[in-house]
Structure formats: C-alpha cells, structure tokens
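Undergrad: the sequence isn't on hand, but the structure is:
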C-alpha cells in the first residue's frame, strides 16, 4: 500500500545523523520542500545545520519544528537489525530515530504536501524549523534560529514540535508545556582534620545533613491545573579524600529543580539560600538556568489538536506537561501557542527503537487535520455581526 510518510521516514532514517551531524537529512527534506513553494534558508552556527523554510508571507504563521539529529546507537551488536538500515518487522519500523523524531518530521512534510495539494492558495504561511543540535548541547541549533527570527521581528502564531509524546497508543497524550530546569552546584565548606580528632575540624557532611533533609522535604509549590508540583533532587554528592581517617574539608553537591509556572527561578533560588543560611552553613553556590517553563492553555491550537486526534484516532487526548525539556523552551520566546505531538515514546533512545507502521500515516493525517482547521476553517468562518 502506498505510504509516502513511511517512504520518507525510511529515507531520512538511513542517514547516520548522530548529534550534531545532520548527515544529509536536511538536503533530502529541502528537495521535497522547494517544489511546494518554500523559501529555504540555512541558518547555521558553529558547524551546526539549521533549516528555516517558509511558504507565504502573511499571517497566521504555522510552524513545524523538529530535529534531524539522533542519539548514539549504543552497542551495534545489541541491535536486531542495523540502526541506520530501517527495517519493518511485525508491523513495526525499526531504526534509530524512528520514534525520536524522524517519523514526525516525515509526517509533517507529507501533511504539508497533502494540505497544499488540496488548498494551494491557503491563507497564512507554513514553515519548518529544523535543527541537528537538539540531542546534544543544544547551543547552536533551534536557539540560533530563534535568535535570528527574533532579530527580524518574526512571531510564530502556532507551532507543533514532533517530539514523541504518546504513551500507549498514538494520540493518547500530547504536551502543552514543559517544566523549567534550574541546576545548582553547591560547595559546603568545612575544615579537614584527622578523623581521630574531630574537634580540630568541621565535618561539612554533618553540617549539611540537616539542611539537605529540609530541602528534600520542602514543598516548593503546589503546581497548578497543568503542572505537577516543583521538585528538587540531588543528582551528585561527593566529599572526602578516599581515606577512611580524614574528615573532609568540603562537600560538593549537584542538584536540580524541575519547576512549574507556579514558581520562578528567582523565588526558588531565594528560598533555597534562606534554608542554607538558617542552618549556618558556609558555602559557595553556582546556578545554571537550563530552561524556563512554558505553557499553552486551551485555545485554537489545543482545540484543533484534540479535534484532529479524535477524528483520526477515535480517542480523547490528554494534555500533559510531564517529562524533560525540549527545544520548545527556545521557541516559546517567539510563539503564542505551541504543542508537542508525536508517536509513542516507549522506545526513544533505546536499542531497537521503533514505531508502529500504521502510526505514520495517522500522524500525518493528524497534522493535516490541524492545518485545515487553523488555516482554512477558521479563515472561512464569517466574522461576527456588528450591531449598531
């Protein structure tokens, strides 16, 4: 059976685009976009390839965003079939990038092809924002394109990112936001000494333990209708010289907040420092704000997505903000409404990564259905009557 989304997905999955190498994916996609009337622009930075492709110059502007890079394969001998030789087995398409997220890119492109064929003079504009630096440092990818667009005064009305968001079946969950990420490196200062003479030193582990217990037990906020409460977790902790007869001179701790829109980075920093100060600790603290939270509530894009998923998959989707960060944290600076909609995340980054073959055409249909609702149906609705 003809399945253009499957064909394109297999084509770009065959490119060994381990981050940050695009390995030719964007060239393949650009060749498909150009005949559709897209103007192509590569906004590269520090050897990272980024593609901004736009069709039309009027509003509203609808953007599909995604990344062509994938995580490393892991041990090749553990794969049932080569990770960059896509293979179908028992109704599943196997290969690196099948779920995260080359299938979504293929579905977005074929959705645009079908949409443009049916509505060649559609209102508004379509665009693609693609990067090869999402799975790595994410310093020269989407953020570089956003910086360029921001400098031009370009604003995105709608954006869909094809991250794998579904859980058990296509469409059962989409992301309408992501939590922020705030990391810290805490050094608690003590005084090193011989462990047989503890009175001659100050053990930073003992000093910090009550404060760490309070931090772990603190309710930072209650979350809100879309977000779980903010969490604080220690990821690394180290002290000591390796010897058993030395009281350490300092304690090094790495921690992270995953926070909701119910808190701000500034409020979390202030509250954490207040706890450390109350316990009388001598410390140094370095902060890194990895991402601010973003949220798209109920509105035209969320309504169109839920309607599309119900029409194509016959289910009601769940709006969720769980999970890690995505490039949406950058796009949120210039976008009014943004959702992440993609296939099951069950095998993302795993050995034998895969996607159900029948999900490919359905995902393309979902994207196309959303385009029709936002760029055609809303435009054709009569304006409300004005009464004198």
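TA: Structure received. Computed from a prediction, not measured in an experiment: that's the story for all the values here.

Undergrad: shouldn't residue 80 be in contact with residue 352?
TA: Yes. If you go by C-beta atoms under 8 Å, residue 80 and residue 352 touch, sitting 5.5 Å apart. Using the backbone N, CA and C atoms, a C-beta is placed for each residue, glycine as well.

Undergrad: check contacts around residue 52.
TA: Counting by C-beta atoms under 8 Å, 6 or more residues apart in numbering, residue 52 touches 40-43, 127-129, 145, 148-149.

Undergrad: so which of the residues you listed sit within strands?
TA: Among these, the members found in strands (DSSP state E) are 40-42, 127-129.

Undergrad: and residue 116, how far from residue 122?
TA: Distance, residue 116 to residue 122, by C-beta to C-beta, to the nearest Å: 7 Å.

Undergrad: my bad, should have said residue 300
TA: With C-beta to C-beta as the criterion, residue 300 and residue 122 are 16 Å apart.

Undergrad: residue 146 against residue 329, yeah?
TA: No. The pair residue 146 / residue 329 is not scored as a contact, 9.9 Å apart, by C-beta under 8 Å.

Undergrad: these two - which one has more neighbours?
TA: Comparing residue 146 with residue 329 by other C-beta atoms under 10 Å, the one with more neighbours is residue 146, at 24 against 21.

Undergrad: residue contacts, residue 280?
TA: Counting by C-beta under 8 Å, 6+ apart, residue 280 has contacts residue 207.

Undergrad: what is in contact with residue 80 and residue 352 at once?
TA: Taking C-beta under 8 Å, 6+ apart as the contact rule, residue 80 and residue 352 both touch residue 94.

Undergrad: more neighbours: which of these two?
TA: A count of neighbours by other C-beta under 10 Å puts residue 352 above the other of residue 80 and residue 352, at 16 against 11.

Undergrad: buried ones in the top helix by length along the chain?
TA: In the chain, assigned by DSSP state H, the helix with the most residues is helix 102-118. Neighbour counts over helix 102-118 (16 or more other C-beta atoms under 10 Å) mark 102-116 as buried.

Undergrad: circling back to that earlier point, pick out the most distant pair among the ones in strands among the contacts of residue 52.
TA: Greatest spacing in these, by C-beta to C-beta: 42 and 127 (14.0 Å).

Undergrad: so how do I select the buried members of the ones in strands among the contacts of residue 52 in ChimeraX?
TA: Here is the ChimeraX command that selects only those of the ones in strands among the contacts of residue 52 that count as buried (16+ other C-beta under 10 Å):
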select :127,128,129
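
Undergrad: what's the local residue count around residue 180?
TA: Residue 180 has 24 nearby residues by other C-beta under 10 Å.
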